[in-house]
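1. predicted model and sequence follow; I will ask about them next.
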Amino acid sequence: MTFQIAIVLFLLVASVVVFALELLEVDLVGLLIIGILIATGILPPDQAFSGFANSAVVMIGGLFVISGGLYHSGIPDRIGRKIYEYSGRSEGRLLVFVMAAEVAVSAFMNNVAATAMFLPGVTALAKKARVNVSKLLIPLAYASMLGGTCTLIGTSTNIAVNGLLQAYKIKPFGFFEYTPIGLAISVGGIIFVFVTAKYILPNHPEEEFASRDYITEVVILPSSTLIDKPLSQSGLEKLDLLPVGILREGQQIPTYLPQIFVQAHDILLVQGKAEDVLKIKTLQGLEIREDVREQPARKATSVIEVEIAPRSFFIGKTLKQTNFRQRYGLSVIAIYRKREEVREKIGLLPLRFGDVLLIQGPQSRIDQMRLDENFLFLNDIDYKIYHHGKALTALSIFGTVVLLGGIGLLPIAPLAFLGALAMVVSRTLPLKDAYGSMEWSLLMLIAGMTSLGLAMERTGTADFLAREIIALNQTPSPLFLLAVFFLLTVLLTQPLSNAAAALVVLPIAVRVATAQGVNPRSYAMTVSIAASCSFMTPLEPACALVYNPGKYRVLDFLRAGTGLTLVVFVIAMVLIPLLWPL
């Protein structure tokens, strides 16, 4: 073992330990690797920085922007809602529909973005169908990972593996080359979860998932298409909002009377979750009353939930009496009162201890309010206003990229770049949101690990590790080593990110394949599929996203994920040698 090999092995082991223990941010680790390789003279600067010019970095960055354009225009949200309409109230059917929908979307979208997009809808759907949400959120996260195995752009791991193959002068995978094994894994995974759901999915007490239903006031503008139509045709139900009252010229009108038609300037009392209340802002001709009363509220950048404290000055007083808006420079757009329906104007309702207010306004004002002992601060609400007018443009750009990539007319990297550029130039995704859609830490990680992979090749480290692995078994069969690399990657991908685990194992797997004279693409596909199997812990970002909403425990993921990992392992060991002969 030479000094350079020792340095590279140290970097490899140290990066795994740092990733696992989360001692440093992953992007900083990637940059440190590049710096150490330059400082020790293992790689000259031009080669050490070559990871930033890797086509995988360009490809992932472009796809982040394209996914952001689709999400910004509300296309996945529309698809999800349509699918939900056909799922019915059966828990089994609901499980299959949710997982199938998530697989379909995640095949073309970042796993975390796809999970985040479906999360509010699945939670609301579980309540409607009277299904415990803990039965749906783990399958939702798992489906996002399964769907990511179906196409080249389904997950950043696939793209990172492809980029490293190009660096090794090995034929990269095609856009839909993942599809046969990805579909088999997805179908097998859905069937497994459906059949074993009763045994592997937790059934936590329903009260743990209680969610607040706010009451807000909605103004019918003169431009509204609802004027002179029954309230039943308002379309609010599609947003999971329930009209509970009408205020007209200071008088309350029952909503159940069939002869009641909506008129301009009516105020609707609407009930729904915080995220759904905020979607009213997307409906033409309807406005949240506070947005109409105070124009600056339209520029609000933050929304937060606050609870009236036990000895609050506001108890027994109305918002109007306390001049809340003038006092804080913030607007109360909705109110929640436990075990009681509110059917009067928010501003005229005497407040009680435990009432929860949904407040919007400038972040600076909210920060000042945090010092006020009259309130208990609960949650910041992250909400998204979709721009449906750009949906057709976003879909056209996305479809063109998929079509041209699928037929191989252009490589994916330039296609992703051109698609991202089209999203920004067409104003489908504002430039600021395009930058915000990037996962910069992942790009830095891939650049750093690509340089480490290059160093493993140049110093002979990959050859050294390949000889050591082969020496473990004097006559190892290619299929046996295929299983070894699958299990090694699965083991590393629990504490590491998927892409990091794949980029650590892939150089070793490629060198072993070369030493044995077998097809390195079969080993690369094994590593890529195995890296998507982070089912057994909540450390995978998609699993972490559902961890709190589902009130899960770590053992919940271990119980559900172990069996699913074995299913994927069996399918991979059967299909990979058939589709990519050893």
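-> Arrived safely, thanks for sending.
2. got the buried residues for stretch 142-150?
-> Residues of stretch 142-150 classed as buried by neighbour count (16 or more other C-beta atoms under 10 Å): 142-150. C-beta coordinates here come from the backbone N, C-alpha and C atoms, glycine included.
3. now the residues you listed in a markdown table, with pLDDT and distance to Ala513?
-> A markdown table is the format used below for the buried residues of stretch 142-150 (pLDDT from 0 to 100; distance: C-beta to C-beta, whole Å):
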| residue | pLDDT | distance to Ala513 |
| --- | --- | --- |
| Tyr142 | 93 | 29 |
| Ala143 | 93 | 31 |
| Ser144 | 90 | 30 |
| Met145 | 91 | 25 |
| Leu146 | 94 | 26 |
| Gly147 | 92 | 28 |
| Gly148 | 89 | 24 |
| Thr149 | 91 | 20 |
| Cys150 | 91 | 24 |
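4. among the residues you listed, which lie within strands?
-> Counting by DSSP state E, the buried residues of stretch 142-150 place none of their members in strands.
5. which ones among those residues lie within helices?
-> 142-147 (DSSP state H).
6. and the residues you listed, which is closest to Ile42?
-> Taking C-beta to C-beta as the measure, Ile42 lies nearest Met145 of those, at 34.7 Å.
7. show me the contacts for that closest one.
-> By C-beta atoms under 8 Å, 6 or more residues apart in numbering, the contact list for Met145 reads 106, 111, 155, 532-535, 540, 542.
8. can you give me the helices in the stretch 251-400 of the chain?
-> In the stretch 251-400 of the chain, the helices defined using DSSP state H, counting those that start in this stretch lie at 274-278, 289-293, 324-328, 363-369, 391-406.
9. how about these, which one is nearest Ser90?
-> Minimum separation from Ser90 across these (C-beta to C-beta) falls at helix 274-278, 23.9 Å.
10. show the buried residues in the contacts of Met145.
-> Neighbour-count burial (16+ other C-beta under 10 Å) is assigned, among the contacts of Met145, to 106, 111, 155, 532-535, 540, 542.
11. check which helices and strands the host helix or strand of Ala14 sits against.
-> Assessed by DSSP states H and E, Ala14 sits inside helix 3-21. Judged by 3 or more C-beta pairs under 8 Å, 6 or more residues apart in numbering; DSSP states H and E, helix 3-21 is in contact with helix 26-39, helix 440-459, helix 461-471, helix 498-516.
12. ok, back up a step: any idea which of the buried ones among the contacts of Met145 the model trusts least?
-> Within these, Glu540 has the lowest pLDDT, namely 71.
13. list the residues that contact that residue.
-> Counted by C-beta under 8 Å, 6+ apart, Glu540 has contacts 141, 145, 493, 498, 534.
14. biggest separation within those residues, which pair?
-> Maximum distance among these (C-beta to C-beta): 14.5 Å, for Ala141 and Thr493.
15. more crowded one of these two?
-> In this view Ala141 and Thr493 are compared by other C-beta atoms under 10 Å, and Ala141 has more residues nearby, 33 against 28.
16. correct me if wrong: the more buried one contacts Ala114.
-> No - contact between Ala141 and Ala114 fails when scored by C-beta atoms under 8 Å: they sit 9.8 Å apart.
17. if you tally nearby residues, what's the number for Ser396?
-> Other residues close to Ser396 by other C-beta under 10 Å number 13.
18. quick one, phi/psi of Ile220?
-> Main-chain dihedrals, Ile220, degrees, to the nearest 10: phi -90, psi 110.
19. now do the one 5 residues further on
-> With angles defined as degrees, to the nearest 10, Thr225 shows backbone torsions of phi -80, psi 0.
20. that one and Val262 touch, don't they?
-> No - checked against C-beta under 8 Å, the pair Thr225 and Val262 is beyond contact range at 9.8 Å.
21. which of those two has more residues huddled nearby?
-> Legend: neighbour count by other C-beta under 10 Å for Thr225 and Val262, higher for Val262 (20 against 14).
22. so who does Leu31 touch?
-> 444, 448.
23. ditto for Trp580
-> 519, 521-522, 525.
24. now, which of these sits nearest Glu307?
-> Once C-beta to C-beta is applied, the member of the contacts of Trp580 that ends up nearest Glu307 is Met525, at 51.8 Å.
25. need the CA coordinates for stretch 316-334. CSV is fine.
-> Below are the C-alpha coordinates for stretch 316-334, written out as CSV (Å, rounded to 0.1, in the frame of the first residue of the first chain):
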residue,chain,number,x,y,z
GLY,A,316,-62.5,37.8,26.7
LYS,A,317,-61.7,40.5,24.2
THR,A,318,-62.3,40.6,20.4
LEU,A,319,-59.6,41.3,17.8
LYS,A,320,-61.5,44.5,17.0
GLN,A,321,-61.5,45.7,20.6
THR,A,322,-57.8,45.1,21.0
ASN,A,323,-56.8,46.8,17.6
PHE,A,324,-54.8,43.7,16.8
ARG,A,325,-53.8,44.8,13.3
GLN,A,326,-52.6,48.2,14.5
ARG,A,327,-50.9,46.8,17.5
TYR,A,328,-48.8,44.2,15.7
GLY,A,329,-48.9,45.1,12.0
LEU,A,330,-50.2,41.6,11.3
SER,A,331,-53.4,40.1,10.1
VAL,A,332,-55.5,37.3,11.6
ILE,A,333,-56.8,35.4,8.6
ALA,A,334,-58.4,32.4,10.4
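26. need the residues that contact that stretch.
-> Under C-beta under 8 Å, 6+ apart, the answer for stretch 316-334 is 214-216, 274, 277, 288-291, 293-294, 297, 300, 303, 313-314, 346-352, 357-362, 365-366, 368-369, 372.
27. now list the buried members of the residues you listed.
-> Counted by 16+ other C-beta under 10 Å, those give 214-216, 274, 277, 288-291, 297, 300, 303, 314, 346-347, 349, 351, 357-362, 365-366, 369 as buried.
28. doesn't Leu566 belong to a helix?
-> Yes - counting by DSSP: H, G, I helix; E, B strand; the rest coil, Leu566 is found in a helix.
29. now do the same contact list for it.
-> The contact partners of Leu566, by C-beta under 8 Å, 6+ apart, come to none.
30. mind checking how far it is from Ala197?
-> As for Leu566, its distance to Ala197 is 16 Å (criterion: C-beta to C-beta, to the nearest Å).
31. go through the contacts of Trp580 and say which is closest to Ser396.
-> Nearest to Ser396 among those: Met525, at 31.5 Å, using C-beta to C-beta.
32. helix/strand/coil for that closest one?
-> Strictly by three-state DSSP, Met525 counts as helix.
33. one step back: so which of the contacts of Trp580 sit within helices?
-> In helices, defined here by DSSP H, the members of these are 521-522, 525.
34. so which of these is the most crowded?
-> Going by other C-beta under 10 Å, Met525 tops those with 24 neighbours.
35. my read: that one touches Ile181, true?
-> Yes - Met525 lies in contact with Ile181 (C-beta under 8 Å); the separation is 7.3 Å.
36. overlap in contacts, the two.
-> 576, 579.
37. rewinding a little: just put the contacts of Trp580 in a markdown table and tack on distance to Met449 and pLDDT.
-> Formatted as a markdown table, these follow (distance: C-beta to C-beta, whole Å; pLDDT from 0 to 100):
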| residue | distance to Met449 | pLDDT |
| --- | --- | --- |
| Asn519 | 23 | 89 |
| Arg521 | 20 | 91 |
| Ser522 | 22 | 92 |
| Met525 | 19 | 94 |
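38. quick one on the thing from earlier: going by distance to Val425, which of the buried residues of stretch 142-150 wins?
-> Nearest member of the buried residues of stretch 142-150 to Val425, counting by C-beta to C-beta, is Gly148, at 28.2 Å.
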